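Colleague: Structure for the following, please:
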Amino acid sequence: MARVERVRPEQWRAYRAVRLGMLADAPRAFGSTYAEAAARTDAQWREFVEQATLWLAWTDAERGSGQAVGSVGLYADPALPPDVACLVGMWVHPDARRAGTARALVRAVVAEACSRGLSALLLDVVDEGTAARALYRSVGFVPTGRTGTQPWDDSITRAEYRLDLPACQHGAMADITVRALTEGDWEAYRSARLEALIESPEAFVATVEAEQAFPEERWRDRMNRSVRLLAEVDGEKVGIASVGQVSAENEDPTVGELFGLWVAPSARGTGVATALVRAGADTARERGRTHLAYWVGSENGRAVAFASGFGFRPTDSRRPMRVVSEDDGEEEICMILPLAGDRGAEF
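Modeller: All right, here's what the predicted structure looks like:
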């Protein structure tokens, strides 16, 4: 079976090749045409891949040397309720079919939907897509009764299918607990923070060597300066995040800041990051904040897409990266989440 992985921004050429391949192979099955896709510039392809949530299926070869043989995407349609998204752009190369690749692509989308706490997935299938309908029915999608036509040819009809995710949602997130730590929990925070610095040194300005030397008094002081959130699964520490005031150079008492977000590798993709961000938003709201700020690398498409999925929106605020990496680029962008109103409207 092929290997399924999230598409990284630098893989835009591989995604473009698959997209053009699917439109040539099944021109009536998708909402755009080969001519439209072929006319896109390199810059447009790069921007699309950076902003979209996409997966590619690769042949079973060494990482970096395989061939992309399929793809799928997850699209948060603004016209839909915030807890419903669409499975889009599903295709597998004819030579890779009947090998479990399509199911693996669908599982990747379902897992991401669960990690975001979504309640349902929707998709459209053209009436002539017999094999596609059979696949989606086999994994639990059912027709809703709603139909439509392709935007570029109203003679091609399609039907909407829906997969409800309550069981998946609960299974993915029910065992995750997030709690705000007190000064007395400084040792638990210290342990998780040092683990983060060891595992992801490139993500933090601080070093593990420096923070290991901090005395107890300094750790206790840190607990009181910001709210420290700890995520646990069955009593095991799996992630941390902090919520505090915005940076001093742009202080605004109505805006809180989410920072120091880290998830243990073994818990990534299971909803821990989602739970921490939700808890961070709740914490800021409880403290009278109307907005929550989150700084991410301007070129880190995955981080921007993750934040956008919660309702964070980019602003014009930029600052130099304090830690420069290939993924993040040289600048950070401030993204803002409005906190007023019902949380359901934001997530």
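
Colleague: Can you show me the strands along the protein?
Modeller: Applying DSSP state E to the chain gives strands spanning 3-6, 53-58, 68-75, 84-92, 120-126, 142-150, 153-164, 176-180, 227-233, 236-245, 255-263, 291-297, 313-325, 329-338.

Colleague: Check whether Arg228 really touches Glu187, as I assumed.
Modeller: No. Between Arg228 and Glu187 there is no contact under C-beta atoms under 8 Å: 11.8 Å. (C-beta placed from N, C-alpha, C; glycine too.)

Colleague: between those two, which one's more packed in?
Modeller: Per other C-beta atoms under 10 Å, whichever of Arg228 and Glu187 has more neighbours is Arg228, with 25 against 12.

Colleague: give me phi/psi at the closest residue to that one other than its chain neighbours?
Modeller: With sequence-adjacent residues excluded and distances taken as C-beta to C-beta, 6 or more residues apart in numbering, Arg228 is closest to Leu181, at 4.5 Å. Main-chain dihedrals, Leu181, degrees, to the nearest 10: phi -80, psi 150.

Colleague: circling back to that earlier point, worst mean pLDDT among the strands of the chain?
Modeller: Per-stretch mean pLDDT for the strands of the chain is lowest at strand 313-325 (a mean of 79).

Colleague: I figured Leu230 was touching Ile176, is that so?
Modeller: No. Between Leu230 and Ile176 there is no contact under C-beta under 8 Å: 11.1 Å.

Colleague: So which residue is dead centre in this protein?
Modeller: Nearest to the geometric centre of the chain sits Phe306, at 3.6 Å (C-alpha atoms, centre = their mean).

Colleague: For His291, see how far away that one is.
Modeller: Distance, Phe306 to His291, using C-beta to C-beta, to the nearest Å: 18 Å.

Colleague: can you pull the contacts of the residue nearest to the centre of the chain?
Modeller: By C-beta atoms under 8 Å, 6 or more residues apart in numbering, the residues touching Phe306 are Ala273.

Colleague: same check, this time on Ala210
Modeller: Neighbour list for Ala210: empty [criterion: C-beta under 8 Å, 6+ apart].

Colleague: Start the count at 425 instead of 1 going forward.
Modeller: Will do, 425 is the new start, and the previous item becomes Ala634.

Colleague: which residues does Arg711 contact?
Modeller: Contacts for Arg711 (C-beta under 8 Å, 6+ apart) come out as 651, 680.

Colleague: quick one, phi/psi of it?
Modeller: Per-residue torsions, Arg711: phi -100, psi 20 (degrees, to the nearest 10).

Colleague: and what of the one 3 residues further on?
Modeller: Backbone geometry at Thr714, expressed as degrees, to the nearest 10, gives phi -100, psi -20.

Colleague: can you pull out the helices in the stretch 425-574 of the chain?
Modeller: For the stretch 425-574 of the chain, applying DSSP state H, counting those that start in this stretch gives helices covering 436-449, 458-462, 466-475, 525-539, 554-562.

Colleague: Take those and write them to TSV, including mean neighbour count, mean pLDDT and distance to Arg746.
Modeller: Formatted as TSV, the helices of the stretch 425-574 of the chain follow (neighbours: other C-beta atoms under 10 Å; pLDDT from 0 to 100; distance: least, C-beta to C-beta, whole Å):
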stretch	mean neighbour count	mean pLDDT	distance to Arg746
helix 436-449	18	96	27
helix 458-462	13	96	39
helix 466-475	15	94	22
helix 525-539	21	90	28
helix 554-562	15	87	46
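
Colleague: Output those helices in JSON lines; the columns should cover distance to Met745.
Modeller: Rendered in JSON lines, the data for these read as follows (distance: least, C-beta to C-beta, whole Å):
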{"stretch": "helix 436-449", "distance to Met745": "22"}
{"stretch": "helix 458-462", "distance to Met745": "33"}
{"stretch": "helix 466-475", "distance to Met745": "17"}
{"stretch": "helix 525-539", "distance to Met745": "26"}
{"stretch": "helix 554-562", "distance to Met745": "42"}
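
Colleague: For Ala481, which of these is the nearest?
Modeller: Nearest of the helices of the stretch 425-574 of the chain to Ala481, taken as C-beta to C-beta: helix 525-539 at 5.0 Å.

Colleague: okay, the angle between that closest one and helix 554-562?
Modeller: Helix 525-539 runs at 40 degrees relative to helix 554-562, counting by axes from the mean of the first three to the mean of the last three C-alpha atoms, to 10 degrees.

Colleague: Mind exporting the C-alpha coordinates of helix 525-539 to CSV?
Modeller: Provided in CSV are the C-alpha atoms of helix 525-539 (Å, rounded to 0.1, in the frame of the first residue of the first chain):
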residue,chain,number,x,y,z
THR,A,525,-4.5,3.5,-1.3
ALA,A,526,-7.9,5.2,-1.6
ARG,A,527,-8.9,3.9,1.8
ALA,A,528,-5.7,5.2,3.3
LEU,A,529,-6.3,8.6,1.8
VAL,A,530,-9.8,8.7,3.2
ARG,A,531,-8.5,7.6,6.7
ALA,A,532,-6.1,10.5,6.6
VAL,A,533,-8.9,13.0,6.1
VAL,A,534,-11.1,11.4,8.7
ALA,A,535,-8.2,11.4,11.3
GLU,A,536,-7.6,15.1,10.6
ALA,A,537,-11.4,15.9,10.9
CYS,A,538,-11.4,14.1,14.2
SER,A,539,-8.4,16.0,15.5
